[in-house]
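Colleague: Kindly generate the corresponding structure for this input.
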Amino acid sequence: MTGSVKKLDISFRNTRLEDGAAIWRVVRDSGVLDLNSAYMYLLLAKDFGSTCVVAEHEGRVTGFVTGYRPPGRPDSVFLWQVGVDASMRGQGLGKRLVSAFLQSPGAKGATMLETTISPSNEASRALFAAIARELGTETRVTEGFKESHFPEGGHEAEELYLIGPYTPASANQLKV
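Modeller: Prediction:
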């Protein structure tokens, strides 16, 4: 493909129940994201739709971001998963999804972005480093989940990334 993603007809919107199955398929087909139950994605799409976003191209979900406002941390928004369909990778769609997530109704007023990333996930680390730079803020990395926290074994640790504080205005100005 010779054009950029910006030239493609991609729309972003908050999720609804019907998106749960499509999100599950993107995760399943990625081969790299942790696949949770379809039920979990249905719940996220339905009950956390104000902080979950899908990207659509030609009437098909081609990417998503799931997240929520953590109880007891009103200034934070937690980004749980970002997924991009294989046909759309390498075109900046992940960054556009994070931008849409930070501008979603459920993220309104947040000044801290939280996410977890495994140490070997260089692509996600690079994505969130770019996001922090463009938000004009710092990233602090702390312990998130140890390998021993995962009951199935063999799951890499997940470090907690705290990106912020940022201004809501800066979230509207991400370069995508």
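
Colleague: and the nearest residue to residue 156 once chain neighbours are set aside, how many neighbours?
Modeller: In space, residue 156 comes closest to residue 118 once its chain neighbours are excluded; the distance is 4.2 Å by Cβ to Cβ, 6 or more residues apart in numbering. C-beta: built from backbone N, CA, C; applies to glycine. Residue 118: 17 surrounding residues under other Cβ atoms under 10 Å.

Colleague: how distant is the helix or strand harbouring residue 128 from the center of its chain?
Modeller: Here residue 128, judged by DSSP states H and E, is contained in helix 122-135. The chain centroid and the centroid of helix 122-135 are separated by 12 Å under Cα atoms, centre = their mean, to the nearest Å.

Colleague: Show residues contacting the very next helix or strand once past that helix.
Modeller: For helix 122-135, the succeeding helix or strand toward the C-terminus, using DSSP H and E, is strand 139-145. Strand 139-145 is touched from outside by 116, 128-129, 132, 157-163, with contacts defined as Cβ atoms under 8 Å, 6 or more residues apart in numbering.

Colleague: Residue 87 in helix, strand or coil?
Modeller: Using DSSP: H, G, I helix; E, B strand; the rest coil, the three-state assignment for residue 87 comes out as helix.

Colleague: For it, give its distance to residue 30.
Modeller: Distance from residue 87 to residue 30, counting by Cβ to Cβ, to the nearest Å: 12 Å.

Colleague: shaky segments in the chain?
Modeller: 1-7, 175-176 (pLDDT under 70).

Colleague: Tell me where it has helices.
Modeller: Counting by DSSP state H, the chain has helices at residues 19-30, 38-47, 93-102, 122-135, 168-171.

Colleague: List the buried residues in the first one.
Modeller: For helix 19-30, the buried set under the neighbour-count rule, 16 or more other Cβ atoms under 10 Å, comprises 19-20, 22-24, 26-27, 30.

Colleague: show me the contacts for the residue nearest to residue 156.
Modeller: 156-159.

Colleague: Weed out the non-buried ones from the residues you listed.
Modeller: Among these, those that count as buried by neighbour count (16+ other Cβ under 10 Å) are 157-159.

Colleague: how close does the closest residue to residue 30 other than its chain neighbours sit to residue 53?
Modeller: In this structure, residue 30 finds its nearest non-sequential neighbour in residue 83, 5.7 Å apart by Cβ to Cβ, 6+ apart. Between residue 83 and residue 53 the distance, using Cβ to Cβ, works out to 11 Å.
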